[in-house]
Every structure is written in C-alpha cells, then in structure tokens.
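A.B. asks: Sequence below, structure please.
(one chain, ligands or ions: 1)
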Amino acid sequence: MLPVQRISKSRKRKRRSHQALTPIQYVRCAQCGNAKLPHAACSNCGFVNPRLSIEVDTEQA
Ligand SMILES: [Zn+2]
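C.D. replies: Numbers count the residues shown, from 1 in each chain. Coordinates of the predicted model:
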C-alpha cells in the first residue's frame, strides 16, 4: 500500500516535533555518590534518607 498523497517536509517535521525523547534524570546518592533515580533507594548502598535505608544484596559473583 502506498500513501494517497505525499506529506510535505514541513508537515512531516511538525508531526515529528513531538517525538523527541527526554533525557533520564538522575541524582547522586548522598551517602556513596552513586548515580540513582530521584525518590528511589540507591541500588549501591540502599540509602533513601538519613532515617531510612533498605537492605541491598552485597554478594558479588
Ligand atoms: Zn548509595
């Protein structure tokens, strides 16, 4: 199947102006400096905030 009518460069570019990806936001862990997602526990040390941290598997293969 072929398109009935050719889409102009302008119309094509206007449509694609909404398709840009946003870069992933990340912050540094306050405890170990590892990159982590905001509002998430650190995957390296489990730190969330000074009163709360979760346990993380520290076993290495
Ligand atoms: Zn950490």
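A.B. asks: Pull up the residues of the protein that are close to the ion.
C.D. replies: 29, 31-32, 34, 42, 44-45, 47 (C-beta under 5 Å from the ion). (C-beta placed from N, C-alpha, C; glycine too.)
A.B. asks: nearest residue to the residue most central in space within the chain other than its sequence neighbours?
C.D. replies: Residue closest to the average C-alpha location in the chain (C-alpha atoms, centre = their mean): I24, at 3.1 Å. Spatial nearest neighbour of I24, excluding adjacent residues (C-beta to C-beta, 6 or more residues apart in numbering): L37 at 8.0 Å.
A.B. asks: What backbone torsions are found at that neighbour?
C.D. replies: phi -80, psi 140 (degrees, to the nearest 10).
A.B. asks: confidence score at it?
C.D. replies: As predicted, L37 sits at a pLDDT of 93.
A.B. asks: Tell me the strands beside the least confident helix or strand in the chain by mean pLDDT, with direction?
C.D. replies: Every helix and strand of the chain was ranked by mean pLDDT, DSSP states H and E. The lowest is strand 52-53, at a mean of 80. Using DSSP bridges, the strands paired with strand 52-53 are strand 47-49 (antiparallel).
A.B. asks: So what's the gap between the strand it pairs with and the chain middle?
C.D. replies: Its chain's C-alpha centre and that of strand 47-49 lie 19 Å apart, by C-alpha atoms, centre = their mean, to the nearest Å.
A.B. asks: go on, stretch 6-23?
C.D. replies: Worked out by C-alpha atoms, centre = their mean, stretch 6-23 lies 22 Å from the chain centre.
A.B. asks: Do me a favour and get the end-to-end distance for that stretch?
C.D. replies: Taking C-alpha to C-alpha, to the nearest Å, stretch 6-23 runs 32 Å from one end to the other.
A.B. asks: Just the strands from this protein, written as ranges.
C.D. replies: Here the chain has its strands, by DSSP state E, at 27-28, 35-36, 47-49, 52-53.
A.B. asks: so where's this structure shaky on pLDDT?
C.D. replies: For the chain, applying pLDDT under 70 flags the ranges 58-61.
A.B. asks: can you give me the helices in it?
C.D. replies: Assigned by DSSP state H, the chain shows helices spanning 9-16.
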